Structure formats: C-alpha cells, structure tokens
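In: need a structure here:
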Amino acid sequence: MVPVVAARLLDTRPGQTTVDGQHAGAGRVDAGTFYRLPVAGRGGVAPDAEAVMLNVTAVVPDELGYLTVYPCSATPPNTSNVNYFAGQVIPNSVLAKVASDGSVCIFSLATTDIVVDVTGYVPVAGSPVAVDPARLVETRPASPVHTTIDGESQNIGRAEAGETISFVAAGRGGVPADAEAVYLNVTAIFPSGPGFLTVHPCGSDRPETSNVNYGAGDVRPNAVLATVGTGGRVCIYTLVDADIIADVNGYLPPGGNRVAIEPARCADTRPDGETFDGLFAGDGKIAAGGMYAVRVAGRCNIDADASAAYLNVTAVNPEAPGFLTIWPCDQPRPTASNVNYQTGEVSPNAVLSKVSLDGDGQICIYSLARTDVIVDVNGYVPEPGLFGVTQLASGSRITCALMSDRTVRCAGQSGYTGTGDYGDQFDPALVADIDDAVILEAGGSAACAVLADTTARCWGSNGNGQLGNGTDVGTGDDAFDRQLSPTAVEGLDQIVDLSLWDDHTCAITDDDQNGVNDGVWCWGRNNYDQLGDASDTEQWSPVPVLGLPGAKEPIDVEAGGSHTCLLYDDGTVWCWGHGGRVGRVTGSSSGQTPQQVDGLSTASQLSAGGSHTCALITDGTVECWGLDESEALGPRDGAISNLLPATVTGVAGVVEVIAGDDLTCVRHADRSVECWGSNGYGQTGDLSPQDVEATPVPMRTQRDADIMQVTNNGLHSCALLADSSVVCWGYNFHGNLGVRLNNHTATPVVYGSGDLRD
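Out: Residues are numbered from 1 along each chain as shown. You can find the predicted model right below:
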C-alpha cells in the first residue's frame, strides 16, 4: 500500500472541484445506475495501480439505499459499501480493485450525489490484494438478496446484545486460507439502541475500541482492516441487538506490508476520554474550523518510523453538520473529507492516513463544526520501501529484486539496470520485458533472470561477452558496452542454476531431466581459464565445461572473480581458473579444466567471491580457501595454507554462506547474520568504524531476527526480510542501495524508500 495525501477524484455536485478538474459537477447518479470513475494516474495514484483506497460519500440521496464499488470489468456484486437513508451524508472507506482500464464503478440503488477521495493505492505486486467484493456474513432472514457468497454464515439470526458472532474469513470470497488480514465492510442494521460493533481476531481478547458506532434504527457501515484469528475466523461484538452484514474487498497475504497491532485508542477529546497512554485525552471539542494534531507514530503500538496509519476516526455529537479531514501535519490540508456528520450524530469512518515524516509522527484533524473526536488505530504501514520481494541479487553497481509477480526491479548505475534507457535508478525500476522470472542473479554491473520457460535473459555490462548473446557489444554505439534491455542467452535452455561475476557467467542445464550428465556451460572473459573449456579465449556464447566427472549431478555453480566452482550432489566441489583460488596445493598456476578441491568436507552449498570461495558443510560449519584479501577467509582452524579449505573458527549453525569481493557473510538458522572482511564502507553491517573485520561480527539491521536472504558483493550488502521488504547498506554507487543519499552508509536503509538526502 502506498499512502497519498487525500485527493478528490469525483464530486458530482454543481460547482465543486476535483484535484485535476475532471469528474467535477457531473450531476446526480440516477437510481439503479453506475458511475464509471477513472482512478489510475490521478491524485498521486500510479498509472498501473492494482487497487485504490477510497473514501466514498453518498450526499443527500432521494431515499433508502446503498452504494457498491467494484471494478468496472466485473458484474455488480451482491454487496454494499455505503448504506444510506434519504437526505443523509454518509461516507465510508473502500479498498477497491481497479479494472484493466484504470477505473472503478460505483452503483447506487437510489438517486444521489457522490463524492470520492483517494488516500492510497496498491502498486503492481503490492499488498493488500483486492478481490471482487463478496458477502461473508448475512444475519437477516432468508430472501433472494440476503445471501452470502457460498451460503455459509447466512440467515443466522439477529445478533443479541453483548453477543459476539464468529465467521470464517480466510479461504472464502477469493481470500486464500493463509491470509493475515481481510478488508471488510461491516454494517450494523436497525440496532435497537445506540451502541457499537467491535471487530477483532477470534481467539484474542476483545479490545476497548470500536469500529462501527450506531444509533437506534440506523443502517451504519464502516470499513475495517481485520486481522484473521484462530481457524481463519473474525469475530464481531455488538453492544445492543442488531443485524450484521460483512463484505470482503481484499486481503493481506503473509508478509503484507501492513503491520497488525493490538487495537488502541490514541485520542479521545471528551471530558472523560481515556487513551492507550493517557495522552491526547480530555482535551475538549475541536473548535469550528479548528485543527487538532495527534501524535500516532511512536505511540499506541505504532512504530516510530511508520509512514501511514490505519485509523478509525469518530466525530461525537457535533454541534452542526460538517466533516472531518485527516492528513499528515507536515503537508497542506487537502480539499477532501474523511468523516461526514450531522448535528448530534456519532459518525465513524476508517481512514488510511499518511503520518508526518518530520519527526513528530502526527496526523492533523480539521473539523468544519465544533465536535469531539475519537481516534483508534489497528495497524500501520512501515516506513516507505519496496515490498513483495522474493529474491535478491546484487553486483557492485546494481541491486535487483525478483518480485512476487515474477517481474524484476533494479536500482543502480546508468545503463546497467535493464530498464531500456540511461539514467541512474535511485528507486528500483522495472526491468523491461520480464514478467515470468523464477531465478535472479547479479554480479559486477550485469544481471540475469532465468524465466519460467528455462531460458535466460541478461542485461548490463557486456564488454567481455558475459551476457551470452553472441557479441561483446552493448546497445547501439555505447562506448561502455552496456546492454540497456534484457537480451537472450544464445542457444541455452533447461537452465536450473546460473551465476555471474564481473566478466563471466556460468549455468547448469538439466538437459536429460534425469539428474545425470547435466550440462555445465560458461561464457565471457577467459584470461585465467575461468570458463573451463581448455582454452584462454573469450567466449561470447555458452561453451561446455570440459573434463567434468560423470554419473553425478551438479547442483550449484558459482562464478568468482577469475575462477569457477561447482558443487555436486555427493558434496564434492570441483573448481577451475585462477591458481590460488581453486582449492589445490598446485595453485600457483591456472587450472584449465576442473579438478576436485583438496581436503574439503562434505558440502551442501557454495559461494564464490572475488578471490576466495567458501562452502557450507553439512554439519553447519563453513570452510574457505583462496586469497585472504582483507581477512575474507576469517580465522581458520588448523589452516596449513590459504590454498586449501579450512574451517572458519567459531562459526556454527549456518544455513547459508555468502562470499563477496573481500567479504564473507553467513546466515544462521535463527536468521541472524555474521560477516567478516572488508568494511571500508560499512558493508559488514555491524556499524563499526573498522576498515577490516578480521573475525565474524554480527550484522545489525532494524529487524535482524527476520533476515531471509543476504547478498554482498564486497562493497555493499542487502538483506531480504520476512515482511518481503529489503534493507541495504555500504557503498552507494549511483543508487545501488535503492535510495538517493548524500553518501555511503553503514546504517541500513530501506530499499526503495526514496530520497534520504539531508
């Protein structure tokens, strides 16, 4: 979810305006018809947005009815988002799926004016995931329209006072079984008196907050982002007896970028108001035309670095008709509304609001009329960044991310990011013409993606033919031999593994699909025999590696600085290329063809750096060999010579080893990371001023217990976190950390978080 400052996209009333002058004063929407509203590319919404967060208001409808918001390409569903009586002004927040033409449709049962403001959007491959609206709960008696999507939780009878109803949300209405949270529209229908509904995950204690506030006889809806509880169920408590309906509009998959919290009250201006921590309580009504600032970030279970908050904001007993507008205090007040109210009402609405990023973490609330206000929170959006990442790859000049939708995004130096044009990319940009990648690798200033059809596409530096497209030149007459867009690796398919360093690339192909006699291929620079083809000739297309042992399966190929190593399924490792880096005592000369590494224990994973190689051993230890530039080999038990493998002292419980140029890192089973070697740019991540770390030091990120993958290339490092975001640190060469900075940084920054210059 990308929050934006609220912007008006539609106002059908005469003489009104919108953010861009479009869809203003269009006239009332007739009963039984719909209004098609373009939303993509307007009000800060990306042109390719998959969903939008809207505040939709019915203004003075002619009679009882409702609004339904849905993607225009779909059939209007049996759901509602805004329920209204004649003459009311009723708003509600809506997560709306966007149609392929960038629009949403709004159906109205009765004739009414409609106002629509946007507060956020879901980018391509973002989170949450919008679905076609579907009804999950319907307590009213059986009728042709009182139905749910699947007949479950249907016609179950009016909820009694003090009762909590429970229903399954996960695995229904387009929501997968493993969803973390669901976007619901929950409506109280004809309650017997004033009261409220509270929505919470089943299996947890009911919080002291409310989601829907109602009066006797109301039909009162509100949007709720509800965390899914035990058994995939959501619970709804009602203070007095009422019928209840609940419609789903979207969900958060595992690792979605909303952080669920225990709901908490952040502000209550009433004289007897109570809040989570006693702050912003009992401050008195907001004056007519006045503004009330509430700090939310760093309070109420919200992280201090949050970029936006999910709120439920309620106007209590306003003294005249009017509205509330919520926005980040470091921005001008927008021409939009979030809560519309009448005199004496208790009017709530769900709000996604950006939080001021000036260090105060505030939201501001403007009120047209004098009123009390309550602010409850139920989640927040972490600091800005790219989410939905499934795999990382980094070279010295670029950092690339494989996304959950199989597209690839890269940040870094001009001409190497695969976007099809020049210009440094400080924000991760979409690599051209790739939408089905399954493996991503990078090295130096080039990157490759293996596609679902088992072929590969590569981009970036091609001065030694390392892209494998049959040439050693780049796009047009580029003097730096940069290939601006992905190019196919020539004549190779059935690729199951691929690795590249600065100037050569290697791959494993499963040619016969039986795990035996699989092909190993290399291409690019060959000055130290790193291609293994018994020559020292540069190769612009893949050539087979010669002299490999037969009758066993290669499972991991690793291209290093001027050498290559190959791991077999029996745990042996074979290397070729620059002497001193291939794991043999005869290492003073190049190894033109592969030979087995001497004295290595049984390995399960392999990683080659610029001048060294390390292997993960099956007992969770690590053995390294090669040149010990900047202590990249680490302290080694019983080391006779750098040429041969030896165990790194004090390192155990490892599940992944990552070798860079003069730097080595290991990831442990508990998801912690240690590094050693070159640290001139803070690339070990331990926040130390030491230029070299001779012994393993712990990597420190904001969320170091959640590291799922680490990349390093010797100059900068990145970590993929459990929430599918990425943090990076070290040398920021033309934006390869995925941000715009004044300088390099030893402190992790969030990849894709924008301009961080002072």
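In: show me where the stretch 201-350 of the chain has strands.
Out: If DSSP state E, counting those that start in this stretch is used as the criterion, the strands of the stretch 201-350 of the chain fall at 212-214, 219-227, 233-238, 243-252, 259-268, 290-295, 308-316, 322-328, 339-341, 346-354.
In: the fourth one pairs with which strands, parallel or anti?
Out: If I follow you right, that is strand 243-252. strand 129-138 (antiparallel), strand 181-189 (antiparallel) (DSSP bridges).
In: looking at those, which is buried most?
Out: The highest mean neighbour count among those, using mean count of other Cβ atoms under 10 Å, belongs to strand 181-189: a mean of 26. The way it works is simple: take the backbone N, C-alpha and C, and place the C-beta from them, glycine included.
In: just the mean pLDDT for that strand, thanks.
Out: Averaged across strand 181-189, pLDDT comes to 92.
In: CA-only coordinates of it in CSV, if you can.
Out: C-alpha atoms of strand 181-189 as CSV (Å, rounded to 0.1, in the frame of the first residue of the first chain):
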residue,chain,number,x,y,z
ALA,A,181,-5.9,-9.9,7.5
VAL,A,182,-9.0,-9.0,5.5
TYR,A,183,-10.5,-5.8,4.4
LEU,A,184,-14.2,-5.9,5.4
ASN,A,185,-17.2,-3.6,5.1
VAL,A,186,-19.2,-4.2,8.3
THR,A,187,-22.7,-2.8,8.6
ALA,A,188,-25.0,-2.7,11.7
ILE,A,189,-28.6,-2.8,10.5
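In: show me what counts as buried in stretch 313-328.
Out: Buried residues in stretch 313-328, counted by 16 or more other Cβ atoms under 10 Å: 313-316, 318, 322-328.
In: what of stretch 402-422?
Out: Buried residues in stretch 402-422, defined by neighbour count with 16+ other Cβ under 10 Å: 402-404, 406-419.
In: among the residues you listed, which lie within helices?
Out: Counting by DSSP state H, no part of those is found in helices.
In: got any ranges where the stretch 551-700 of the chain has weak pLDDT?
Out: Low-confidence segments of the stretch 551-700 of the chain (pLDDT under 70): 586-591.
In: circling back: the buried residues of stretch 402-422 in strands, which ones?
Out: Among the buried residues of stretch 402-422, the members found in strands (DSSP state E) are 402-403, 408-412.
In: redo those as JSON lines? Include pLDDT.
Out: JSON lines is the format used below for these (pLDDT from 0 to 100):
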{"residue": "Leu402", "pLDDT": "95"}
{"residue": "Met403", "pLDDT": "91"}
{"residue": "Val408", "pLDDT": "96"}
{"residue": "Arg409", "pLDDT": "95"}
{"residue": "Cys410", "pLDDT": "96"}
{"residue": "Ala411", "pLDDT": "95"}
{"residue": "Gly412", "pLDDT": "94"}
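In: may I ask which two of these are separated the most?
Out: Met403 and Gly412 (16.6 Å; Cβ to Cβ).
In: possible to save the ones in strands among the buried residues of stretch 402-422 as CSV with distance to Lys285?
Out: Below are those laid out as CSV (distance: Cβ to Cβ, whole Å):
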residue, distance to Lys285
Leu402, 52
Met403, 47
Val408, 53
Arg409, 48
Cys410, 52
Ala411, 48
Gly412, 53
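In: so which residue is smack in the middle of the chain?
Out: With distances taken as Cα atoms, centre = their mean, Phe387 lies nearest the centre of the chain, 1.3 Å away.
In: I'd guessed that residue sits against Gly126; true?
Out: Yes - with contact defined as Cβ atoms under 8 Å, Phe387 counts as touching Gly126 (6.4 Å).
In: quick check: beta-bridge partners of Gly443?
Out: Ala446.
In: what's the pLDDT at it?
Out: 94.
In: okay, now the unreliable bits of this protein?
Out: In the chain, residues with pLDDT under 70: 125, 255-258, 260, 476-477, 512-517, 586-591, 701-705, 758.
In: helices of that one, start to end?
Out: Going by DSSP H, the chain shows no helices.
In: out of the strands paired with strand 243-252, nearest to Val60?
Out: Closest to Val60 of the strands paired with strand 243-252 is strand 181-189 (Cβ to Cβ; 20.1 Å).
In: which residues touch the residue lying closest to Trp521 once chain neighbours are set aside?
Out: Spatially, and ignoring its direct neighbours in sequence, Trp521 is nearest to Pro542 (4.0 Å; Cβ to Cβ, 6 or more residues apart in numbering). By Cβ atoms under 8 Å, 6 or more residues apart in numbering, the contact list for Pro542 reads 468, 489-492, 507, 521-523.
In: how about Glu693?
Out: 631, 675-677, 679, 684, 686.
In: can you tell me which of the residues you listed are buried?
Out: For the contacts of Glu693, buried by 16+ other Cβ under 10 Å: 631, 675-677, 679, 684, 686.
In: in strands, which of those residues fall?
Out: Using DSSP E, the buried ones among the contacts of Glu693 in strands are 675-677.
In: turn those residues into CSV, columns for distance to Gln88.
Out: What follows is those, written out as CSV (distance: Cβ to Cβ, whole Å):
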residue, distance to Gln88
Cys675, 61
Trp676, 67
Gly677, 67
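In: and which of those is nearest to Gly359?
Out: Closest to Gly359, out of all of those and judged by Cβ to Cβ, is Cys675, at 31.2 Å.
In: how near is the closest one to Gln690?
Out: Distance from Cys675 to Gln690, counting by Cβ to Cβ, to the nearest Å: 12 Å.
In: what's the overlap in contacts for these two?
Out: In contact with both Cys675 and Gln690: no residue, using Cβ under 8 Å, 6+ apart.
In: need the contact list for Ile640.
Out: Ala646.
In: apply 10 Å and report the result again.
Out: Residues near Ile640 by Cβ atoms under 10 Å, 6 or more residues apart in numbering: 585, 599, 646.
In: can you get me a residue count around the second one?
Out: As a burial measure, the neighbour count of Gly599 was computed by other Cβ atoms under 10 Å and equals 14.
In: check contacts around it.
Out: 583-585, 623, 625, 640, 644-646.
In: the first one too?
Out: Contact analysis of Val585 by Cβ under 10 Å, 6+ apart lists 598-599, 640-641, 643-644.
In: mind listing which of those are in strands?
Out: Among the contacts of Val585, no member falls in strands (DSSP E).
In: of those, which is the nearest to Arg740?
Out: Using Cβ to Cβ, those come closest to Arg740 at Leu643, 43.4 Å.
In: does that closest one really touch Arg636, like I thought?
Out: No - using Cβ atoms under 10 Å, Leu643 is not in contact with Arg636, being 11.9 Å away.
In: so what sits against both of those two?
Out: Residues touching both Leu643 and Arg636 by Cβ under 10 Å, 6+ apart: Trp625.
In: Ile439 against Ala393, yeah?
Out: Yes - counting by Cβ under 10 Å, Ala393 is a contact partner of Ile439 at 9.1 Å.
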